[in-house]
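Undergrad: Got a predicted structure plus its sequence, pasted below:
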Amino acid sequence: MNVFHVGNNTGDPTSLSDLSTIAEGFATWFDTGNGAGDTYRGRVSSAATLDSVFARDLTVAAGFEATHAVGHAGQDVSAFLGNGNTVALSARSPFAGRSFRGRTFVVGLCADSLVAGDANRVNAAYVTNQLNAFNALIPAVAGFDTLVPMSLQVLSRFNKDSVPAPPHKRANGVGTDVVDFTVVDVFVDFQRRRAPGHNRHH
């Protein structure tokens, strides 16, 4: 599961209609990316499927929820590296510090995305595709609804500058607009919680 945060930038609770628009917009972006061939779906294994997009209003305790069914399999048909293998993309805001950065661990990594002869690093073509696709998400979110101003955001729930010793959880999360996605390094990461059977150990 990938989690993204969208600010409606009005201060009002998000309507059910707007949530549906957001969910549909993310599903469309998964397929189309930057509109020039760089897509998230194109680098996801055909063994993995985007089942649905779930949207929820976090501004109130009993906010609306909307689910958009998708059912689109990835398009990379080379050898699937397994559920736990991933690469971290960093979402950057204009501000320094971990509170104003986000991370997305991409899914469906395949063999043709690796450097030839090196199973620990992704290649330049993969990095270029993902950055082009994810950076296209920023203006895509802004265009989801022409009547409601929206932006892709990093949601910070902890205050690193709090007193006494930080960090402390904020009463309300602080949203900061994402201005850029980047790759911190080109090494393949592994998420144990995505590994088959991981939940059996809990």
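TA: Here it is on my side, so go on. Bear in mind the structure is a predicted one, so any value in this text is a computation, not a measurement. Residues are numbered from 1 along each chain as shown.
Undergrad: hmm, who's touching stretch 176-192?
TA: 7, 81, 84-95, 100, 102, 104-105, 109, 114-115, 119-122, 127, 130-131, 134-135, 137-138, 151-154, 156, 198 (Cβ atoms under 8 Å, 6 or more residues apart in numbering). C-betas here are computed from N, CA, C, even on glycine.
Undergrad: Weed out the non-buried ones from those.
TA: 7, 81, 84-87, 89-93, 100, 102, 104-105, 109, 114, 121-122, 127, 130-131, 134-135, 137-138, 151-154, 156 (16 or more other Cβ atoms under 10 Å).
Undergrad: before we move on, back to that, now, the contacts of stretch 176-192 that are in strands?
TA: 7, 85-86, 88-92, 102, 104-105, 114-115, 119-122, 151-154, 156 (DSSP state E).
Undergrad: nearest spatial neighbour of residue 18, skipping sequence neighbours?
TA: Nearest residue to residue 18, sequence neighbours excluded (Cβ to Cβ, 6 or more residues apart in numbering): residue 148, at 5.6 Å.
Undergrad: So that neighbour sits against residue 8, correct?
TA: Yes. Residue 148 is within contact range of residue 8, at 5.4 Å (criterion: Cβ atoms under 8 Å).
Undergrad: These two: who's more crowded?
TA: residue 8 (21 against 16; other Cβ atoms under 10 Å).
Undergrad: The more buried one contacts residue 18, correct?
TA: Yes. With contact defined as Cβ under 8 Å, residue 8 and residue 18 form a contacting pair (6.6 Å).
Undergrad: any shared contact partners between these two?
TA: residue 148.
Undergrad: Run a quick neighbour tally on residue 189.
TA: Applying other Cβ under 10 Å, I find that residue 189 has 15 neighbouring residues.
Undergrad: Next up, the contacts around the residue nearest to residue 18.
TA: Residue 148 touches 8, 9, 10, 18, counting by Cβ under 8 Å, 6+ apart.
Undergrad: quick one: which of those has the most company?
TA: residue 18 (23 neighbours).
Undergrad: How far away from the center of its chain is the helix or strand where that one lies?
TA: Residue 18 belongs to helix 16-32 when assigned by DSSP states H and E. Relative to the centre of its chain, helix 16-32 is centred 13 Å away, using Cα atoms, centre = their mean, to the nearest Å.
Undergrad: if I read this right, residue 63 contacts residue 18, doesn't it?
TA: No. Using Cβ under 8 Å, residue 63 makes no contact with residue 18, being 11.0 Å away.
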